[in-house]
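Asks: Here is a sequence together with a model predicted from it:
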Amino acid sequence: MDKSLEFNKFRNEYKEFYYNSFKINEDNEKIHIEFEFEIPSLSKFNPCLQIPKKNFNFKKINSDYVQNLVFHMGLIELISYWKCTCSPKIIIKCGYLNNEQIEWWKKLYFYGLGELFYTNNIKTNIDDFVKIECLDSKNKIELVPANENYSGYIVPIGGGKDSVVTLETLSLDKQSDYCLIVNPKSVTLKCAEIAGFENNNIIEVYRKIDPNLLNLNKQGFINGHTPFSTMLAFLSYFLGYMLSKKYIALSNENSANESNIIGQKINHQYSKSFEFECDFRYYAKKYLKIPVEYFSFLRPLNELQIAKIFSKHEKYHQTFKSCNVGSKEPEWKWCLNCAKCLFAYIILSPYLYKEKLVKIFGADMFENKNLLKTFMELIGKGENKPFDCVGTFEEVNFAISKTILNLEKENKNLPYLLEYYKNNFGLANIESGILLRYNEENNLNDEQDTLLRKEVFSNDS
């Protein structure tokens, strides 16, 4: 729905958005974090997080480091609520940001909301879309760098193939390292279990959206994609501090850097991009003052390489899921109708098509004629690249062409979508060396780099 008119209307009517407060407390079972945001004359919001303590050796929550981290978690949480009205001013009443920090957050908000602005036909720019103001410099917290010993890993997992590859390739200690799961489902918990993590090494975080936001969405206020991965960055950093863990190992790959709109910096995966990763590392070092390193272990790789590695880990094949539509159902299933499902099917097809892939998904998606429009968007022949976490056009075209050649080599008939592709576009160059690439723009240390290179370039990979 075109919200361009509502954008100006809401900004005129709701000129200010307040970040009123944050609080953290604990009982014997959980850590509780709650924020209060407000759009005056419209609504207050109190989103919250709960973290079961299990037998974790958490630090005390009354330190300045914790207060600073939770304040920052609120700065990214608020964007989901601010977007309802896109108020021209954000007023922070419970913390302090200097001018450099304000510019950092404006950049994150602007590019993290690029998809929302585009899909709602909102015309704005990074200078004018919002002003951020802190009311009281007394809220400034002066921190010195923390000097405790930090070691080991926290690995956020979402149930898909990428985090599985990280779990299986990193040299993890299943007794002292941790998986992190936000709003756990049976799929994510099962993936952690298959990887060898027991309950006491699985950090579960329960994030609750304020129902007032959902009501405003139903009433027609502005809605759309927000940079959730940034919330994961600050949350995982907080947990790294609380558990003295050195590394937060994400599973964002090189493909996350590609824009969805040709010629414009509009990226569904902006908060998974290398640009954001480097921005966050800079910000964290300067303003969070904790020796935790946030990086993506899979950044050097492309989706084809990850799919090839994942195809060997058959113990996960009947468990993993990547479909966002299906994740909203009581039992997470592949919906078989979205771009995410079709992309996952395509990228795995050179290695698992046909019988194994059909067993995973429950149907041959290449035979579904209703997916032609989505198929065209994925190969770069549609209007835009789908707004979803999908690979590059080059990766998709390579996977399709390789699968076609595999089938022809075995004298097998082509399914509908592959036959359409060959008849209309021919085949892509599969001699491009894409499976031998390794992006040197990454934040891996020498040990991590060695592990990943060994997995990618070993003789049996």
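Replies: Cool, got the structure.
Asks: Which pLDDT value goes with the residue sitting nearest the centre point of the chain?
Replies: Among the residues of the chain, the one closest to the centroid is S229, at 3.9 Å (C-alpha atoms, centre = their mean). Among the per-residue scores, S229 shows a pLDDT of 90.
Asks: What sits closest to it if chain neighbours are left out?
Replies: Nearest in space to S229, with sequence neighbours left out and distances taken as C-beta to C-beta, 6 or more residues apart in numbering, is S271 at 3.8 Å. C-beta: built from backbone N, CA, C; applies to glycine.
Asks: Thought F228 was touching that neighbour, still the case?
Replies: Yes. Assessed by C-beta atoms under 8 Å, S271 is found in contact with F228 at 7.2 Å.
Asks: between these two, which one's more packed in?
Replies: For S271 versus F228, the count of surrounding residues by other C-beta atoms under 10 Å is larger for S271: 25 against 16.
Asks: I'd like the distance between the more buried one and I24.
Replies: Taken as C-beta to C-beta, to the nearest Å, the spacing of S271 relative to I24 amounts to 23 Å.
Asks: what's the answer for H32, then?
Replies: From H32 to I24 the distance is 7 Å (C-beta to C-beta).
Asks: Please list all residues in contact with the closest residue to E455 other than its chain neighbours.
Replies: If the residues on either side of it in the chain are set aside, E455 comes closest to T169, at 4.8 Å by C-beta to C-beta, 6+ apart. Contacts of T169 were listed using C-beta atoms under 8 Å, 6 or more residues apart in numbering, and they are F297, I309, L451, L452, E455.
Asks: List the contacts of stretch 208-223.
Replies: Around stretch 208-223, the neighbours that count as contacts under C-beta under 8 Å, 6+ apart are 1, 3, 6-7, 10, 42-50, 80-81, 83-86, 116, 120, 122.
Asks: Would you map the strands across the stretch 51-200 of the chain?
Replies: 89-92, 131-134, 153-156, 178-182 (DSSP state E, counting those that start in this stretch).
Asks: Now mean pLDDT too, for the ones you listed, in JSON lines please.
Replies: Formatted as JSON lines, the entries for these read as follows, by pLDDT from 0 to 100:
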{"stretch": "strand 89-92", "mean pLDDT": "98"}
{"stretch": "strand 131-134", "mean pLDDT": "96"}
{"stretch": "strand 153-156", "mean pLDDT": "98"}
{"stretch": "strand 178-182", "mean pLDDT": "97"}
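Asks: Export the ones you listed as TSV, with columns for distance to Y111 and mean neighbour count.
Replies: Formatted as TSV, the entries for those read as follows, by distance: least, C-beta to C-beta, whole Å; neighbours: other C-beta atoms under 10 Å:
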stretch	distance to Y111	mean neighbour count
strand 89-92	16	19
strand 131-134	15	16
strand 153-156	21	24
strand 178-182	22	24
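Asks: Make CSV from those and add distance to M242 to it.
Replies: Compiled in CSV, the strands of the stretch 51-200 of the chain are given as follows (distance: least, C-beta to C-beta, whole Å):
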stretch, distance to M242
strand 89-92, 24
strand 131-134, 26
strand 153-156, 10
strand 178-182, 11
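Asks: Run a quick neighbour tally on M231.
Replies: 20.
Asks: With T85 instead?
Replies: For T85, the neighbour count with other C-beta under 10 Å is 24.
Asks: Adjust the sequence numbering to begin at 7 for everything that follows.
Replies: From this message on, residue numbering opens at 7, which makes the last subject T91.
Asks: residues in contact with E447?
Replies: F280, R305.
Asks: quick one: buried residues of the helix or strand containing K362?
Replies: Secondary structure from DSSP states H and E places K362 in helix 361-367. Residues L363, V364, I366, F367 are the ones in helix 361-367 that count as buried (16 or more other C-beta atoms under 10 Å).
Asks: Now for those residues: which two are most distant?
Replies: With distances taken as C-beta to C-beta, the most widely separated pair in these is V364 and I366, at 7.3 Å.
Asks: Which residue ranges of the stretch 307-456 of the chain form helices?
Replies: Under the criterion DSSP state H, counting those that start in this stretch, the stretch 307-456 of the chain contains helices at 309-317, 345-358, 361-367, 378-385, 399-415, 422-431, 452-463.
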